[in-house]
Each structure stands twice: as C-alpha cells, then as structure tokens.
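Chemist: what shape does this take:
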Amino acid sequence: MTMETEPSSTGSTSASSRRVSYFYDAEVGNYHYGQGHPMKPHRVRMTHNLVVNYGLYKKMDVFRPRLLSPTAMTRFHSDDYINFLKVITPDNMTDYTRQLQRFNVGEDCPVFDGLFEFCQLYTSGSIGGAARLNEDSADIVINWSGGLHHAKKAEASGFCYINDCVLAILELLKKHERVLYIDIDIHHGDGVEEAFYATNRVMTVSFHKFGEYFPGTGDVLDIGYADGKNYAINFPLNDGMDDEAYESVFKPVLSKVMEHFAPGAIVLQCGADSLSGDRLGCFNLSVKGHADCVTFMRSYNIPMLVLGGGGYTLRNVPRCWTYETAVVVGEPVKDDLPFNDYYDYFGPDYSLHLPVSNMENLNSKEYLNRTKTQLIDILREVEPVPGTQIQTGQVESQLNPRGFSMEIDEPSKDEGGNAKSDNPDERSDDRMDGRKEHSAELAS
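Modeler: Okay, here's the model as predicted:
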C-alpha cells in the first residue's frame with residue numbers, strides 16, 4: 001500500500017502561493033574529495049534526480065547559478081586564502097607546503113581536482129539565491145549544494161573551504177536590517193557564528209552535538225560579544241536526539257527568536273548528518289522530524305534561503321533533502337520512491353522515509369527544559385533594532401563589505417520560469433539569474 005506524506009504548512013499563506021527557486025549545477029556531482037572521504041558531492045546529484053522524478057521541478061523555477069568571481073568571495077575571505085585556493089592543485093601541492101598548513105588544507109579538507117571550481121559552484125547558488133530573495137523574485141530559494149558552514153575567513157575547516165552561508169547573509173544584509181541564521185546540522189555552525197559574533201544584525205541559532213565532538217565550539221554560554229551579545233544562540237545536545245525531543249526545543253526557541261529578533265530574512269542550514277544512521281552523526285532524527293524544522297520556519301512566510309550542509313550516509317541524504325524540497329513547495333509526495341538513476345542505492349525498501357534506530361536518547365527532559373529556559377532568558381534581552389555597520393573583510397584588503405558591489409545574478413525581468421511546464425528540460429535561458437543547462441540535466 002502506498003502512503004502519501006503531506007507536507008504541511010501552518011502559515012497564513014497557502015502552500016501553493018509560495019514562489020520557490022531552486023539552484024543546481026549538474027557539474028557538482030563530478031567533484032570527489034578522495035578515496036574514503038565521507039564528504040561526497042555526488043549526494044547533491046542524487047537528490048536532484050529524486051526531485052526530478054517526483055516531479056517537484058514543476059513547482060519551482062530551476063536555475064543553474066552564474067559563477068561568481070573570486071573577488072566576490074573576498075567580501076568575507078582573505079585575499080591570500082582565495083588566491084591560494086585558485087592556484088592549488090594535486091600536482092603542485094609540494095610547492096605550497098607552508099600555505100597548506102597555514103590555511104588548514106590537506107587532511108579533512110583535501111586538495112582535489114577542480115577544488116576552486118567546486119567552491120564557485122556551491123557558493124554561487126547561495127549568493128544567487130540571496131539575490132533573488134532581495135529582488136523579491138522568490139519567497140524561498142533552495143541550494144542543496146551549499147551550507148558549508150565551518151569555513152573561516154582564512155582557513156578551511158570540516159570539509160568546508162568557502163563559507164557560502166556567510167556570503168549569502170552578507171548579500172541579504174544589503175536589503176534586510178536583520179538576518180536570522182538557523183543551523184540544524186549535527187555539528188556547530190562555528191564559521192557563521194564567528195563571522196557575525198560581534199554584530200546585532202545577524203542572529204545565529206545552532207542546535208548541535210556538544211562534548212568531545214567536532215568542532216568543539218557552541219557552548220550555551222557563548223552568546224556573542226560587544227554589539228553581538230545575546231545574538232549568538234547555542235543549544236548543545238547529547239547523543240540520541242529524537243523527533244519529539246528536537247521539536248520540544250526547536251519550536252519554543254525559534255518562536256522566541258522570531259518574536260524578539262524579527263528578522264527580515266532567514267538562512268536555514270539543513271545539514272542531514274543529524275538524521276538517524278548517519279555515518280558521522282549520533283542523533284536519531286527521522287526524515288520527517290528533520291523536515292519539521294523546515295515546515296515550522298516556512299510557516300512564518302519570511303524570505304528564506306534553504307541550504308544543505310553535512311550528511312554522510314549516501315542513501316539517506318537525498319531522501320531528506322527531497323522530502324524537504326516537497327515541504328518547501330507544499331506538494332504531497334508518495335513514500336514509495338519513483339524509479340530513478342540511483343534506485344539501487346535505496347534498497348531494500350525503496351521508500352522515502354526510514355525507521356529510526358532504538359538508540360537511547362541521552363538528553364533528559366530536565367536538561368532540555370533547563371537549557372531552553374536559559375536561552376529564552378537570553379532572548380528576552382534582545383531588542384529588534386538596527387545595528388552598526390558590519391566589518392567582516394580583513395583590514396589589509398581595505399574591502400568594505402557593505403559597499404562592495406558583488407558580481408552576482410542580476411534580478412529577473414520576467415516571471416514564470418519553467419514552473420508551468422511539463423517538460424523538465426525547458427529552462428529559463430532568457431534570464432540573467434542563471435544559465436541554461438545542457439539538455440540532459442533534468443532528464444529522468
């Protein structure tokens with residue numbers, strides 16, 4: 001018997017009225033971190049294939065991002081670091097021994113063929129998506145290849161090289177006084193928190209495993225600094241977080257955030273390593289439990305950029321992000337997976353939703369309630385007022401992030417895209433938002 005899963009919305013706007021844009025480049029699946037490395041960009045291609053075979057592309061405007069220039073990346077990252085990423089290859093690594101160590105490239109963040117082009121691809125989707133939100137060309141934008149939240153100004157970290165989250169937030173700040181960043185990856189969103197730690201124009205909210213776990217940051221007492229005090233919200237968690245426990249903390253905390261911070265736009269990082277059975281994770285969330293966070297934030301009807309992130313069990317990540325795509329567009333999807341190019345990956349049950357494990361939840365209700373109360377008390381100190389100018393560029397480059405004109409997608413002049421087309425190969429090639437992909441990109 002086929003079960004249908006109904007993505008719900010509690011917002012005042014009907015599900016069908018959301019204008020959704022979706023950024024994807026078929027090349028992203030061709031990049032490979034190396035033998036045995038847990039990060040596999042191929043998962044984004046698998047996700048896209050499921051999205052297409054479920055027919056969800058018909059409900060969205062689908063774009064291939066126009067590549068941003070290296071200069072645009074220096075709105076956050078240092079010039080030296082960007083120049084290094086541009087020139088480093090597996091063949092010339094021995095000439096850059098000192099820089100490899102300085103920029104933390106080589107182990108968790110390996111050098112591989114096409115490294116900088118890979119960074120351009122995933123980052124361009126996030127910045128292009130932020131630009132579409134700024135121009136009011138979309139209500140929600142999805143970029144599953146983005147969400148690489150660990151990268152620092154001049155350092156790679158945790159499989160991340162360019163911090164597309166930070167760059168997208170800087171783009172959103174061109175229009176919005178306040179931007180909210182939410183991180184449901186199992187790892188703390190340290191790179192984004194650090195970038196905006198001293199400003200009250202960006203609030204970062206992270207729910208993550210804490211204690212002898214990468215990256216080791218994100219204590220509940222880390223609340224921001226100077227003007228940014230009380231604008232960094234961290235909910236440290238133990239192993240075994242399940243759907244019920246996660247919902248019991250996510251919704252109350254975010255309700256209070258929305259009440260006090262009143263953001264103009266939201267960036268939601270949907271790292272799928274918080275799912276049950278993840279290769280590197282230790283939480284016990286179901287696909288629906290994970291997606292309930294998307295459903296809840298969607299209900300506020302505020303411009304939202306939805307990004308990927310972690311996720312290291314190859315068969316589960318596409319399930320999660322495909323279902324969350326369905327949630328975003330408000331389309332019910334069947335639990336039985338449609339036939340797709342990677343169908344054999346999803347055996348033996350070939351279903352969208354998987355049972356969770358019977359692992360113990362080490363987060364007691366007392367601990368969760370105590371931490372929740374602590375964070376809500378912090379949020380009571382927050383007043384929704386404009387802050388001071390943000391300076392995240394390095395001093396020596398003399399770049400002023402607020403005044404820098406980024407080379408990104410221009411606003412769309414037309415409405416429609418391919419949303420009303422039954423042909424998945426039909427693309428919006430007359431726009432400046434993206435480039436028309438080759439005819440096989442959306443082939444099922």
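Chemist: which of the helices or strands spans Tyr323?
Modeler: Assigned by DSSP states H and E, Tyr323 falls within helix 317-329.
Chemist: what are the ranges of the strands in the chain?
Modeler: Taking DSSP state E, the strands of the chain run over residues 4-5, 20-23, 61-65, 140-143, 179-183, 202-209, 232-237, 265-269, 304-307, 333-334, 434-435.
Chemist: and the pLDDT for Phe159?
Modeler: At Phe159, the model reports a pLDDT of 98.
Chemist: and Met406, by the same measure?
Modeler: Met406 is given a pLDDT of 39.
Chemist: Glu6 now?
Modeler: Here the pLDDT value assigned to Glu6 is 46.
Chemist: how about TSV for the strands of the chain, with distance to Pro215 and mean neighbour count added?
Modeler: No exception for glycine: its C-beta is placed from N, CA and C like everyone else's. Below are the strands of the chain laid out as TSV (distance: least, C-beta to C-beta, whole Å; neighbours: other C-beta atoms under 10 Å):
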stretch	distance to Pro215	mean neighbour count
strand 4-5	34	13
strand 20-23	27	26
strand 61-65	28	27
strand 140-143	23	30
strand 179-183	12	28
strand 202-209	9	26
strand 232-237	12	25
strand 265-269	14	26
strand 304-307	18	28
strand 333-334	34	18
strand 434-435	33	20
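Chemist: a markdown table for those, including distance to Val192?
Modeler: Compiled in a markdown table, the strands of the chain are given as follows (distance: least, C-beta to C-beta, whole Å):
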| stretch | distance to Val192 |
| --- | --- |
| strand 4-5 | 31 |
| strand 20-23 | 19 |
| strand 61-65 | 20 |
| strand 140-143 | 15 |
| strand 179-183 | 5 |
| strand 202-209 | 6 |
| strand 232-237 | 10 |
| strand 265-269 | 8 |
| strand 304-307 | 11 |
| strand 333-334 | 30 |
| strand 434-435 | 25 |
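Chemist: and Gly309, how many neighbours?
Modeler: The local packing of Gly309 (other C-beta atoms under 10 Å) involves 28 other residues.
Chemist: surely it meets Trp144?
Modeler: No - Gly309 is beyond contact range of Trp144, at 9.1 Å (criterion: C-beta atoms under 8 Å).
Chemist: okay, now Gly310: neighbour count?
Modeler: Around Gly310 there are 29 residues (other C-beta under 10 Å).
Chemist: dihedrals phi and psi, it?
Modeler: For Gly310, the backbone dihedrals are phi -70, psi -180 (criterion: degrees, to the nearest 10).
Chemist: and Phe214, by the same measure?
Modeler: The phi and psi torsions at Phe214 (degrees, to the nearest 10) take the values phi -60, psi 140.
Chemist: so what pLDDT did it get?
Modeler: In this model, Phe214 is scored at 98, pLDDT.
Chemist: can you pull the contacts of the most centrally placed residue in the chain?
Modeler: By C-alpha atoms, centre = their mean, the chain has its centre lying nearest to Leu307, at 2.4 Å. Neighbouring residues of Leu307 by C-beta atoms under 8 Å, 6 or more residues apart in numbering: Ser126, Asn143, Trp144, Gly146, Gly147, Asp164, Cys165, Ala168, Val267, Leu268, Gln269, Cys270.
Chemist: what about the spatially closest residue to the third one that is not a sequence neighbour, how many neighbours?
Modeler: For Trp144, the nearest residue in space outside its immediate sequence neighbours is Gly308; the separation is 4.2 Å by C-beta to C-beta, 6 or more residues apart in numbering. Neighbours of Gly308 under the rule other C-beta under 10 Å: 28.
Chemist: now swap in Thr89 and tell me
Modeler: Residues within reach of Thr89, counting by other C-beta under 10 Å, total 14.
Chemist: got the contact list for it?
Modeler: Residues near Thr89 by C-beta under 8 Å, 6+ apart: Val111, Asp113, Leu115.
Chemist: closest to Lys86 out of those residues?
Modeler: Nearest to Lys86 out of the contacts of Thr89 is Leu115 (C-beta to C-beta; 9.2 Å).
Chemist: and the pLDDT at that closest one?
Modeler: Leu115 is given a pLDDT of 98.
Chemist: ok, it - how many residues close by?
Modeler: 21.
Chemist: same thing with Glu383?
Modeler: Residues near Glu383, counting by other C-beta under 10 Å, number 10.
Chemist: one more: Asn238?
Modeler: Using other C-beta under 10 Å, Asn238 has 18 neighbouring residues.
Chemist: who touches the residue nearest to it when sequence neighbours are not counted in this structure?
Modeler: Once flanking residues are discounted, Asn238 sits nearest to Leu362: 4.0 Å by C-beta to C-beta, 6+ apart. Leu362 makes contacts with Asn238, Asp239, Gly240, as judged by C-beta under 8 Å, 6+ apart.
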